[in-house]
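> coordinates for the following, if possible.
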Amino acid sequence: MNADHFRRAFIQKGRRGLTTVSQQQQEADTYVRRDDSVEGLLTGLVEGDRYALARAITLVESSNPQHRVQAQRLLSKILEREATLASQQSTTLANSTPSLSKDEPSADAKEQPLRLGKSFRIGLSGPPGVGKSTFIESFGMYLVSKGHRVSVLAVDPSSARTGGSILGDKTRMTELSRSSEAYEEYVARNTTEAITLCEAAGYDICLVETVGVGQSETMVADIVDMFVLLVPPAGGDELQGMKKGIMELSDLVIVNKSDGALVDSARYAQIEYTSALKFVKAITSFWKARVIRVSSMGGPEGGIDKAWDTMKEYFQIMESSGELQKKRGHQRKIWMWRQVSSELMDLLNEDAQVREMASELEAKVLKNEVMSGAAAHKIVEKFMRGMSS
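Numbering: from 1, shown residues only. As a prediction, the model looks like this:
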């Protein structure tokens, strides 16, 4: 991928915080002159350079073997750096004298960004029309006002094929996309690695949004610390149509749009969802899923601050109990095997003889001449013979 490719890509995407084409052109020209080596990208990430972050995410999302090698080298460097800094941080904390001040911070005080390795990964899902984009923009801007740096990763498994949203993030979250303390991106293949890159670039809150339907909810739940389900202010048929599986994944259910004429409907929906959760097994003994009502527009029923307070409580409980560390370790194991599956598929697709056989077998499976399981076995057998020859 050459400089012209990246310049065009960045201008087309209108990268975050840049309001004019000339600004975008100037920053893109500056970027392509930067060091594109692993060390150069690492330096850019540490400095919070969003173009280094964009380039790094492009590498981890790429199926190009050379890009994958470079991406893995970069990720290894990041882990080494974080381990060193975490060790230094532990030593500093152990030798520091606790503050004796009992002054309480004001309501408008900035929150301290989460410590290295203590970033908060929040998954957000919900049916079409629930107001997810409005919520994420309001929530993201609220977090920025509190001193956090926020990344928003929209997980769209189809974007590897379709290119993602036609109009892009800027039409969905105009205010957040302009913030220098926020970063938005579509990802498809390697969301966990994209999260690691965002955290390395200093984004201490990572919002992972599901796009589309299907298995993306389960995939996101296996990435994040907390899975949040947004639902509309309605019950009855809406609740019946909600998949039981997604309710089982949820740590928090937010009845959105609890304002104006919809307040009564939102209250009724809260009661119904609370009742439904009684029949759902808790994910952990340390936390029982809750249902709250929120107005993304900051109505009298409570705004974004209510949602954030609940999320912070969850994070503090999970961290202090040790459950957060256990959960992330389990997630890393899940994603290791998913990555194995993904890379094996890449190897199969790169083998010309396997592709030829697969094409023939697909036609036979389509005509019901061969069972899909038998066809799969033949493809794997062909690949293994090629590996051993």
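
> work out which residue lies at the spatial centre of this structure.
Nearest to the mean C-alpha position of the chain, counting by C-alpha atoms, centre = their mean, stands residue 208 at 2.9 Å.

> before we move on, what SS does that residue have?
strand (DSSP: H, G, I helix; E, B strand; the rest coil).

> residue 317: how many residues sit nearby?
Using other C-beta atoms under 10 Å, residue 317 has 14 other residues around it. Glycine gets a C-beta too; all of them are placed from N, C-alpha and C.

> mind pulling the model confidence for it?
In this model, residue 317 is scored at 96, pLDDT.

> tell me how this structure divides into domains.
Here the domain parsing of the chain from automatic domain parsing is 3-82, 120-321, 330-388.

> ok, back up a step: okay, and the beta partners of the residue nearest to the centre of the chain?
Following DSSP bridges, residue 208 is listed with bridge partners residue 123, residue 153.

> hmm, who's touching stretch 73-82?
Outside of stretch 73-82, the residues within contact range by C-beta atoms under 8 Å, 6 or more residues apart in numbering are 38-39, 41-42, 45-46, 56, 59-60, 116-117, 193, 196-197, 200.

> show me how to select, in PyMOL, the buried members of those residues.
Applied in PyMOL, the following selects the buried portion of the contacts of stretch 73-82 according to 16 or more other C-beta atoms under 10 Å:
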select buried, resi 38+41+42+45+56+59+60+116+193+196+197+200
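
> what is the lowest-pLDDT residue among the contacts of stretch 73-82?
Per-residue pLDDT puts residue 116 lowest of those, at 44.

> can you tell me the SS state at residue 254?
strand.

> who touches it in this structure?
135, 228-231, 291-294, 307.

> ok, now how distant is it from residue 126?
Distance, residue 254 to residue 126, using C-beta to C-beta, to the nearest Å: 8 Å.

> need the residues touching each of these two.
Looking at what touches both residue 254 and residue 126 (by C-beta under 8 Å, 6+ apart), the common residues are 229-231.

> which one (most neighbours) among the residues you listed?
Counting by other C-beta under 10 Å, top hit in the shared contacts of residue 254 and residue 126: residue 231 with 27 neighbours.

> this protein: strands as residue ranges?
Secondary structure of the chain (DSSP state E): strands at 120-125, 150-155, 182-187, 205-210, 226-231, 252-255, 290-293.

> chain center to stretch 129-138: distance?
For stretch 129-138, the separation from the chain centroid amounts to 16 Å (computed by C-alpha atoms, centre = their mean, to the nearest Å).

> confidence score at the spatially closest residue to residue 317 that is not a sequence neighbour?
Sequence neighbours aside, residue 286 is the residue nearest to residue 317 in space, at 5.5 Å (criterion: C-beta to C-beta, 6 or more residues apart in numbering). What the model reports for residue 286 is a pLDDT of 91.
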